[in-house]
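[1] Take this sequence and fold it.
(chains A and B)
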Amino acid sequence: MTRSRFFSVLVPLLVGVGLLGFWEFAVTASGTPEFILPSPSRIAAALTENFSSLIQSAWVTLRITLLAFALATLGGVALAVLFSQSRFVELALFPYAIVLQVTPVVAIAPLILIWVGFDNVNTALLILAWIVAFFPVLSNTVLGLRSVDRNLMDLFTLYGASRSQRLFNLQLPAAMPYILGGMKISGGLALIGAVVAEFVAGSGTGTGLAWRIIEAGNRLQVPTMFAALLLLSLLGVLIFFALSLLEHLVLRSWHESARRAA
Amino acid sequence: MTSDPSAGGEAGDGAGFGAPPLLSLSNISKSYGDGPAAVSSINVDIKAGSFVSLVGPSGCGKSTLLRLVAGLLDPSQGTMTWPQSGQQPELGFVFQDATLLPWANSFDNVYLPLKLMGTSREEARSRVTAALSRVGLENDQDKRPHELSGGMRMRVSIARALVTEAPVLLMDEPFAALDEYTRELLDDDLLTLWQEFKWTVLFVTHSVYESVYLSERILVMGTGSGSGRIQADLAIDAPYPRGYEFRQSKTYFDHCRKVSAALRGEMPS
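    All right, here's what the predicted structure looks like:
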């Protein structure tokens, strides 16, 4: 158990170190210019040189991501609950939720930007990231609310449960594994949405990591581009682990998925 | 089909004694959509306090009939009345699976019906604890379903049916998924509880042996063309309490033979 765990950390780590070593060697040995492919050591240097400004940008991106993610979770769950309460509302709105989901966010961005105004770019970024992130929570929650054990539903009927009792004591807890699964997908998508939106809509008052990548690219500061990219990856990993931890904490006491991992 | 539902003759439902039956089903039929009737032409009176089993092969409509009685389904035809109370009394229902909330411990699972009826946790505490001790789980209140064995989960489910003190208990093949040893233990526990609380029990099972062991009266539902109908109504006239001796007795085996014959559509002799 601990032995296999040890290996599951060690093996990817060794592969990573090996790849970095090979990268460093290949770039140096072949004399590749740094505006094509910088060496890992050069990227690390760029990261430390620009550390404080990059961290500030990372914070800007993270803030939009987290806000969009929180609103996506709230909106997705709320809409799914509404759907579960009224077949009519579901029938009327679900197709449009899908349309919103399948339309590439890049294509909507200019429109949103015009609507919210160019002096409110942050709001535009937030809306765009939200559009990308909310659908997995919505569709997963809808699925979860529908997948409640039929006998348990009958039991609630038998004991004369009201709609809200049924929702809070049965449907929402039963949908929890699905909701958390949707949130895990959503967290990653919110980051993607925030970055893509910044690429298209530009930066607001703060400068996010996406803008830093564009800026550095225009100046051919490729090591800085890589440094910003590295931070973006770290943000993504951070979000993923935070949500996995949340999932584990919420489900560990009863759900198969979390118990097996424990 | 092959025999008149009343052919069992001796099956007493108490109507002869003047007391109105607890439950009266008259010409009840149920079909889903345009399909064939899942149950049809059911005419049965159930006496208060009796232990009645519905026996039949899978798909004969016995679960449908139970759900009709529970009010979980509406009959396509016929009327169902509760002559004693005038309306449906409180019911306890036990499913084939324990059907527990997986995230809630034993206490909260048993508390659930009371919670839905608006009883506060503190008010309910003594009743929930009593119900759990009644099924021998007083030390497992904090355990969640996955920490319990199949038999223990079923006991929680029974405690949940006990806790509301409902006078009628409907059971849908409750012990079918358990091993035989555990099943026999629970059969005995159920009989003890039945005698203590004077419930009316409607017990669905596909096991001839289990139904004979438990019941005062067995309604045999048909197969094939007789599917969905009650084709025999048999009384099991053996005294309670029943135990190991009864399981070994000639009376027991005679009754089992009779029920098996009725299941095959033969006239009970």
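[2] wait, isn't A:Q165 in contact with B:G118?
    No: counting by CB atoms under 8 Å, A:Q165 does not reach B:G118; the two are 9.4 Å apart. Every residue, glycine included, has its C-beta placed from N, CA and C.
[3] At the contact with chain B, which residues of chain A appear?
    A:149, A:151-152, A:154-161, A:165, A:169-170, A:173, A:176, A:253-255, A:259 (CB under 8 Å from any CB of the partner chain).
[4] make it 6 Å
    Remark: the part of chain A in contact with chain B comprises A:N151, A:L152, A:D154, A:L158, A:Y159, A:A161, A:Q165, A:P173, A:W254, using CB under 6 Å from any CB of the partner chain.
[5] what's the farthest-apart pair in those?
    Farthest pair in those (CB to CB) is A:L158 and A:W254. Separation: 23.0 Å.
[6] Sketch out the low-pLDDT regions of the chain for me.
    All of this is about chain A. A:1, A:203-205, A:258-262 (pLDDT under 70).
[7] if you could check chain B rather than the one you did, that'd help
    B:1-18, B:267-269.
[8] residue boundaries of the helices in it?
    According to DSSP state H, chain B carries its helices in the segments B:62-70, B:106-116, B:121-134, B:150-163, B:180-197, B:208-214, B:244-248, B:250-263.
[9] was I right about B:F51 contacting B:T200?
    No: counting by CB atoms under 6 Å, B:F51 does not reach B:T200; the two are 7.9 Å apart.
[10] what's the offset of whichever strand or helix holds A:A58 from the middle of its chain?
    Per DSSP states H and E: A:A58 is located in helix A:51-85. Offset of helix A:51-85 from its chain centre (CA atoms, centre = their mean, to the nearest Å): 8 Å.
[11] for the helices of chain B, which one sits closest to chain A?
    Shortest distance between chain A and these, using CB to the nearest CB, is found for helix B:106-116: 4.5 Å.
[12] residues in contact with that closest one?
    Here helix B:106-116 makes contact (CB atoms under 6 Å, 6 or more residues apart in numbering or on different chains) with A:159, A:161, A:165, B:100-101, B:124, B:128, B:131-132, B:137, B:140-141, B:143, B:156, B:159-160, B:163-164.
[13] do stretch A:180-200 as well
    A:61, A:64-65, A:68-69, A:72-73, A:105-106, A:109, A:125, A:128-129, A:132-133, A:136-137, A:140, A:208, A:210-211, A:236, A:239, A:243, A:247.
[14] now the helices of chain B in TSV, with mean neighbour count?
    Shown next, in TSV, are those (neighbours: other CB atoms under 10 Å in any protein chain shown):
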stretch	mean neighbour count
helix B:62-70	23
helix B:106-116	24
helix B:121-134	16
helix B:150-163	23
helix B:180-197	16
helix B:208-214	23
helix B:244-248	11
helix B:250-263	17
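[15] Tell me which of the ones you listed lies nearest to B:S227.
    helix B:62-70 (10.3 Å).
[16] any idea how far the closest one is from the chain center?
    That offset, for helix B:62-70, works out to 10 Å (CA atoms, centre = their mean).
[17] Quick one: list the elements packing against that helix.
    When contacts are defined as 3 or more CB pairs under 6 Å, 6 or more residues apart in numbering or on different chains; DSSP states H and E, helix B:62-70 sits against strand B:37-46, strand B:168-172, strand B:200-205.
[18] go with 8 Å
    On a contact count with 3 or more CB pairs under 8 Å, 6 or more residues apart in numbering or on different chains; DSSP states H and E, helix B:62-70 meets helix A:150-158, strand B:23-31, strand B:37-46, strand B:51-55, strand B:168-172, strand B:200-205.
[19] Which ones among the contacts of stretch A:180-200 map onto helices?
    Short answer: the contacts of stretch A:180-200 in helices (DSSP H) are A:61, A:64-65, A:68-69, A:72-73, A:105-106, A:109, A:125, A:128-129, A:132-133, A:136-137, A:140, A:210-211, A:236, A:239, A:243, A:247.
[20] Now do A:F6: how many residues are near it, please.
    For A:F6, the neighbour count with other CB atoms under 10 Å in any protein chain shown is 10.
[21] Relative to chain A, how far out is the residue nearest to B:D45 when sequence neighbours are not counted?
    Distance criterion CB to CB, 6 or more residues apart in numbering or on different chains; nearest residue to B:D45, sequence neighbours excluded, is B:P21 at 3.7 Å. From B:P21 across to chain A, the span is 22 Å (CB to the nearest CB, to the nearest Å).
[22] What's the local residue count around B:P21?
    20.
[23] how deep is residue 61 tucked in, by neighbour count?
    Looking at chain A here, since you left the chain open. Neighbours around A:T61, by other CB under 10 Å: 26.
[24] could you do chain B instead?
    Other residues close to B:G61 by other CB under 10 Å number 23.
[25] same question, B:G59
    13.
[26] ok so, going back, who wins for proximity to A:Q85 among the helices of chain B?
    Comparing those by CB to CB, helix B:106-116 comes nearest, at 18.0 Å.
[27] Give me the angle between the closest one and helix A:150-158.
    40 degrees (axes from the mean of the first three to the mean of the last three CA atoms, to 10 degrees).
[28] and the angle for helix B:106-116 with helix B:121-134?
    Using the same axes, to 10 degrees: helix B:106-116 against helix B:121-134 is 130 degrees.
[29] contacting residues around B:L22?
    By CB atoms under 8 Å, 6 or more residues apart in numbering or on different chains, B:L22 lies in contact with B:I46, B:K47, B:A48, B:G49, B:W82, B:P83, B:Q84, B:S85, B:P89, B:V168, B:T200.
[30] Compute the first-to-last residue distance for stretch A:142-156.
    End-to-end distance of stretch A:142-156 (CA to CA, to the nearest Å): 20 Å.
[31] So what touches it?
    By CB under 8 Å, 6+ apart, stretch A:142-156 touches A:80-81, A:83-84, A:90, A:94, A:165-166, A:169-172, A:174-179, B:67, B:70, B:72, B:93, B:95, B:97, B:99, B:101, B:112, B:116.
[32] Could you rerun that using 7 Å?
    A:80, A:83-84, A:166, A:170-171, A:174-175, A:178-179, B:72, B:93, B:95, B:97, B:99, B:116 (CB atoms under 7 Å, 6 or more residues apart in numbering or on different chains).
[33] Could you check how far it is from the centre of its chain?
    Worked out by CA atoms, centre = their mean, stretch A:142-156 lies 29 Å from the chain centre.
[34] buried ones in that stretch?
    A:V142, A:G144, A:L145, A:V148, A:D149, A:N151, A:L152, A:M153, A:D154, A:L155, A:F156 (16 or more other CB atoms under 10 Å in any protein chain shown).
[35] What of stretch B:160-176?
    With the criterion 16+ other CB under 10 Å, stretch B:160-176 contains buried residues B:160-164, B:166-175.
[36] just to revisit the earlier point, now render the buried residues of stretch A:142-156 as TSV, adding distance to A:Q221.
    Converted to TSV, these look like this (distance: CB to CB, whole Å):
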residue	distance to A:Q221
A:V142	46
A:G144	46
A:L145	49
A:V148	54
A:D149	57
A:N151	63
A:L152	59
A:M153	60
A:D154	65
A:L155	64
A:F156	61
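[37] Thank you, goodbye.
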